[in-house]
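Participant: Next come a sequence and a model predicted from it.
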There are 2 protein chains.
Amino acid sequence: MIETAIFKALADPTRCAIFEKLAAGGMNASALRQGMAISQPAMSQHLSVLRNAKLVREQRQGRFVNYEVDPEGLALIAGWLARYRAYWPERIDALKLLLKDMDP
Amino acid sequence: MIETAIFKALADPTRCAIFEKLAAGGMNASALRQGMAISQPAMSQHLSVLRNAKLVREQRQGRFVNYEVDPEGLALIAGWLARYRAYWPERIDALKLLLKDMDP
DNA sequence: CTGATACATAAGCGCATGCTTATGCGATTC
DNA sequence: GAATCGCATAAGCATGCGCTTATGTATCAG
């Protein structure tokens, strides 16, 4: 189950923060560490987990590795969420925001 | 972070299966166990985790406890997802399906 | 009241997980 | 070529997590 891997990846607050930081703009692993009180190997391991979960993808640039959000992971979460749309109507405020500027 | 609790709850495949089963219709804990090769205490513990994550809610009926999907958890996931809609356009097939029969 | 049922909780155990330190490896700089 | 930088990986350790068995509590049946 790929969704399980995604949820497992996001279950760690540090990885959640890394993903959120990457969502603000792609950057390399060292830049990600700035202001995050995390060791270099730990960051590397977290990025590996996020990468396997399709939440993040890499792009080598010389000796740097630029990381960015991988839309595939988000699409998979959306797909999972879609299976339960029968339960949305009771509270879809966030959902309405979510689909506001899509498919107008 | 409540979203972290939600992702942590869904990170376990057994809990994911329990949630999926409940999505097909509310039922009590014993009925949930049918065909799931899981002990009664384990089920109770899983339901507790799902309940704390707002993914499931309970409703006592005599000595039975009927469980059902709590839309709030799904709405929270949708809210989390909405924060990253900047990355959707690359692959929104699932999302389009998702919002098809909403707010027409 | 007695027993059974539905469920929750406590305690303990094995395994996964996230961290650390240490090391390796390719790319850049001098 | 030597030193350095950016990153990955290995090994070890402490904690968390999901399971088990055992027990507690509330509801129902007789």
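Facilitator: Nice, I can see it.
Participant: alpha carbons only for contacts and neighbour counts from here, please
Facilitator: Will do.
Participant: low-scoring pLDDT stretches of chain A, where are they?
Facilitator: A:89-104 (pLDDT under 70).
Participant: Close to DNA strand C: what parts of it are there?
Facilitator: A:8-9, A:11-12, A:14, A:38-39, A:41-43, A:45-46, A:61-63 (C-alpha under 7 Å from any atom of the strand).
Participant: Let's see which of those residues end up in strands.
Facilitator: Counted as lying in strands by DSSP state E, out of these, are A:Gln61.
Participant: The residues of chain A next to DNA strand C: which two are farthest apart?
Facilitator: A:Ala11 and A:Gly62 (31.9 Å; C-alpha to C-alpha).
Participant: now the helices for chain A?
Facilitator: Counting by DSSP state H, residue ranges of the helices within chain A are A:2-10, A:13-23, A:29-33, A:40-52, A:71-82, A:93-98.
Participant: got the angle for the fifth one vs helix B:71-82?
Facilitator: Taking axes from the mean of the first three to the mean of the last three C-alpha atoms, to 10 degrees, one finds helix A:71-82 and helix B:71-82 inclined to each other by 160 degrees.
Participant: The first one now?
Facilitator: With the same axes, to 10 degrees defining the directions, helix A:2-10 sits at 80 degrees from helix B:71-82.
Participant: what's the closest residue to A:Ala23 other than its chain neighbours in contact with, if anything?
Facilitator: Leaving aside its sequence neighbours, A:Ala23 sits nearest to A:Val69 (C-alpha to C-alpha, 6 or more residues apart in numbering or on different chains; 5.9 Å). A:Val69 makes contact with A:Phe19, A:Leu22, A:Ala23, A:Gly26, A:Leu55, A:Val56, A:Arg57, B:Tyr87 under the criterion C-alpha atoms under 8 Å, 6 or more residues apart in numbering or on different chains.
Participant: If A:Val69 is in a bridge, with which residues?
Facilitator: Applying DSSP bridges to A:Val69 gives these bridge partners: A:Val56.
Participant: follow-up on the earlier one: higher neighbour count, A:Ala11 and A:Gly62?
Facilitator: For A:Ala11 versus A:Gly62, neighbours defined as other C-alpha atoms under 10 Å in any protein chain shown are more numerous around A:Ala11 (20 against 7).
Participant: Distance check, that one against A:Val49.
Facilitator: 11 Å (C-alpha to C-alpha, to the nearest Å).
Participant: Quick check: phi and psi on the closest residue to A:Glu68 other than its chain neighbours?
Facilitator: Leaving aside its sequence neighbours, A:Glu68 sits nearest to A:Gly26 (C-alpha to C-alpha, 6+ apart; 4.3 Å). Backbone torsions for A:Gly26, taken as degrees, to the nearest 10, come to phi -60, psi 150.
Participant: need the contact list for A:Gly26.
Facilitator: Here A:Gly26 is in contact with A:Asn66, A:Tyr67, A:Glu68, A:Val69 (C-alpha under 8 Å, 6+ apart).
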